[in-house]
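J.: Sequence plus the predicted model coming up.
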Amino acid sequence: MTADLSSALVVGGTGPDDLRRSVESLTTPPQRTWCAVASPEEAAAVAGVGVPFVLGPWPGRAEALQRLYALVGDGLPEGIVVLLAGGTILRRRFLSRVRRALRRAAVVLSTPGRRPRGRTASAPLGRFTVRLLTEAVLRPTSGTALTTSALAALADRGWLGRGRLTLGEVQSLVGPAAVLPRSVDAAPSPARPRSGRRLTVTVLIPAYNEQAWIGETLRSVQRQTRKPDEVIVIDDGSTDRTAEVAGHYGVRVVRGIRAGSKAGAQNLALPHVRTDAVVVADADTALHAEAIEHLLAHLEAGMDGVSGGVLPRWERGVWSRGRMMEYALGLRLHKRVQSHLGTLLVISGCVAAFRTDVLREIGGLDATTLTEDLELTWRLHLLGYRVGYAREGLAYPVEPYSWPLYKAQMRRWAGGFFQGVLLHRRKFRRRPMLGFLVVAAIWDIVSPAILLATFAALVAAGGLGEHWQTLFLWQAAILAIGAVLASRVLGVRRTLQALPAYTLILYLGQYFYLEAFLREFVLRRRRTDWVKGH
């Protein structure tokens, strides 16, 4: 087949600006780019680049696509048709690979990055090799490309009204199908709300045996300057009075069988969300009164996921005090640098905001790793979504107040980091900056062990001499620089009080991450027990 990219069906309803950007990312002739639009303003926006059809009242995307095909289906020339939603921008690399792929296949799916469970089979696609998924989401307006005859076959069987088919169903209807991973080829534009209205928002709070903390968390949500449209507490099989306490605050409580992880609990609630955005907060975390306002401001500015800032709720004991300086450095340096680089290493699990459709499109959170927030952040980056940082959207979690709790938290964090590395290690080339930050983090983990081994070898050989002074001064300089930066957040007195505790947890953290590196990365002995850290 030598089909050309000859036509496109575009569904609007997202605002004039988003719609025009989507149409301009196509290479189809204007007279063969048909657009179902929701208003005269959208019709004017695509003037000269497409043929608009105003549908009023707006029937929704699936019905709009069905009506659009009924209007122009007979006029579609033989070739490749791209189905596109307003707000989605296709890279030209996607279009060129579609042409190559459709010489052998009837359909090209722009799939989510998360691989569904089940059998997979490899198949050549040009000079690339991709995996054919036994189950894939065929989204009618997310950058799906197919031949005219394949579109007609699917339309005849009522697919345009469904919007979801497994890959096996597609193959049975229209023959062999190929899958182009969306993370490589089709990058969504920054999703934006419809012009002239703010995002609606639901707060999700997963909770397991949190009766001691859930009340303060809900009170902080109720004090927000940007009131949420709904608050949902997910009682993940608690054996205490968590659900009862939450019920006193008039929120919606969703109960489920024990999922065993925060990711599983959040996925349980996702189908109940009816708003544009989701703010996720831990059950032991109090939010600053303006946290939701700052998080949503970043979403409304074009981000798909936003991390808030984090500071411990109090400074009681060595572990919380050390965390205070660690988080202050994150606010002042690490997160800020990563934000400027456009690649946040991790969206905080304590407080974050996401577009609901983005979470659903990528399949929710991954409960197979110990750090669902880290894995979700990397997946968003690799799929081409925009991730932002709202340092003013502060959250105040309860940090570990004993050695067993601190140890459990660190082993979960460290194990989850290397589980994420193993899961995505072959994909980092798609996002070089993310790969660089991950490699830098691994080097930061293993370099102290290398330095210590070198130090021990020199001592054993009697060749250390006075070089220990250089080593000491180097370590002291690192701590001094950290103290200066942290003092810009905490003040000098609090920083000096936290410095001894921070020094302790700095080197303990190195130990736990090195332990996880050897267990998860070298020995491949995967840790699966998800344990809270307070």
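T.: That came through, no problem.

J.: ok, how many other residues are close to Phe53?
T.: Using other Cβ atoms under 10 Å, Phe53 has 16 neighbouring residues. Glycine gets a C-beta too; all of them are placed from N, C-alpha and C.

J.: what about it, distance to Asp17?
T.: According to Cβ to Cβ, to the nearest Å, Phe53 stands 19 Å off from Asp17.

J.: likewise Gly317?
T.: Gly317 sits at a distance of 52 Å from Asp17 (criterion: Cβ to Cβ).

J.: now swap in Glu78 and tell me
T.: Separation of Glu78 from Asp17 (Cβ to Cβ): 33 Å.

J.: Could you do Val11 as well?
T.: 16 Å.

J.: More neighbours: these two, which one.
T.: Legend: neighbour count by other Cβ under 10 Å for Val11 and Asp17, higher for Val11 (30 against 15).

J.: ok, what's across the strand from that one?
T.: Beta-bridge partners recorded for Val11 (DSSP bridges): Ala36, Ala85.

J.: Test my guess that Ile442 contacts Val421.
T.: Yes - counting by Cβ atoms under 8 Å, Ile442 touches Val421, with 7.4 Å between them.

J.: out of these two, which sits in the more crowded spot?
T.: Using other Cβ under 10 Å, the more surrounded residue of Ile442 and Val421 is Val421, with 19 against 16.

J.: Quick check: the closest residue in space to the more buried one that isn't next to it in sequence vs Gln510, distance?
T.: By the measure of Cβ to Cβ, 6 or more residues apart in numbering, the closest residue to Val421 outside its immediate chain neighbours is Val438, 6.3 Å from it. Separation of Val438 from Gln510 (Cβ to Cβ): 17 Å.

J.: low-scoring stretches of the stretch 351-500 of the chain, by residue?
T.: By pLDDT under 70, the low-scoring segments of the stretch 351-500 of the chain are 459, 462-471.

J.: Strands along that one, start to end?
T.: Using DSSP state E, counting those that start in this stretch, the strands of the stretch 351-500 of the chain run over residues 351-355, 387-397.

J.: where in the chain is pLDDT low?
T.: Of all residues in the chain, those with pLDDT under 70 make up the ranges 1-5, 91-93, 103-104, 110-142, 161-169, 180-197, 256-260, 459, 462-471, 529-534.

J.: Could I get the buried residue list for the helix or strand where Thr503 lies?
T.: Element membership for Thr503 (DSSP states H and E) is helix 492-516. By 16 or more other Cβ atoms under 10 Å, the buried positions in helix 492-516 come out as 494-495, 497-499, 501-503, 505-506, 508-510, 512-513, 516.

J.: Ok, stretch 78-89 next?
T.: For stretch 78-89, by 16+ other Cβ under 10 Å, it's Gly79, Ile80, Val81, Val82, Leu83, Leu84, Ala85, Gly86, Gly87, Thr88, Ile89.

J.: list the contacts for the third one?
T.: By Cβ atoms under 8 Å, 6 or more residues apart in numbering, Val81 lies in contact with Ser6, Ser7, Ala8, Leu9, Ala145, Leu146, Thr147, Thr148, Leu151.

J.: most neighbours, which of those?
T.: Ala145 (30 neighbours).

J.: For Glu520, see how far away the nearest residue to Arg527 once chain neighbours are set aside is.
T.: Distance criterion Cβ to Cβ, 6+ apart; nearest residue to Arg527, sequence neighbours excluded, is Gly415 at 4.2 Å. Using Cβ to Cβ, Gly415 is found at 6 Å from Glu520.

J.: Kindly report the same for Val310.
T.: 25 Å.

J.: Give me the more crowded residue out of those two.
T.: Neighbour totals were compared for Val310 and Glu520, and Val310 leads with 25 against 22 (other Cβ under 10 Å).

J.: Phi first, then psi, for that one.
T.: phi -130, psi 130 (degrees, to the nearest 10).

J.: so what's it up against?
T.: Taking Cβ under 8 Å, 6+ apart, we find Val310 in contact with Tyr327, Gly330, Leu331, Ser348, Cys350, Val351, Leu394, Ala395, Tyr396, Pro397.

J.: 7 Å instead, please
T.: By Cβ atoms under 7 Å, 6 or more residues apart in numbering, the contact set of Val310 is Tyr327, Ser348, Cys350, Ala395, Pro397.

J.: for Trp34, same thing?
T.: Applying Cβ under 7 Å, 6+ apart, the residues near Trp34 are Leu9, Gly50, Val51, Phe53, Leu68, Val72.

J.: Which members of those residues are positioned in strands?
T.: Of these, the ones assigned to strands by DSSP state E are Leu9, Val51, Phe53.

J.: Which residue comes closest to the last one once chain neighbours are left out?
T.: What it means is Phe53. Per Cβ to Cβ, 6+ apart, closest to Phe53 is Ala36, 5.5 Å.

J.: what about that neighbour, neighbour count?
T.: Residues lying near Ala36 (other Cβ under 10 Å) number 28.

J.: Now do the contacts for it.
T.: Counting by Cβ under 7 Å, 6+ apart, Ala36 has contacts Val11, Gly12, Phe53, Leu55, Ala64, Leu65, Arg67, Leu68.

J.: From what I see, the fourth one and Gln66 are in contact.
T.: It refers to Leu55. No - assessed by Cβ atoms under 7 Å, Leu55 is found out of contact with Gln66, at 10.6 Å.

J.: how long is stretch 34-45 from one end to the other?
T.: Stretch 34-45 has an end-to-end distance of 13 Å (Cα to Cα, to the nearest Å).

J.: my bad, stretch 420-436
T.: Start-to-end, stretch 420-436 (Cα to Cα) is 15 Å.
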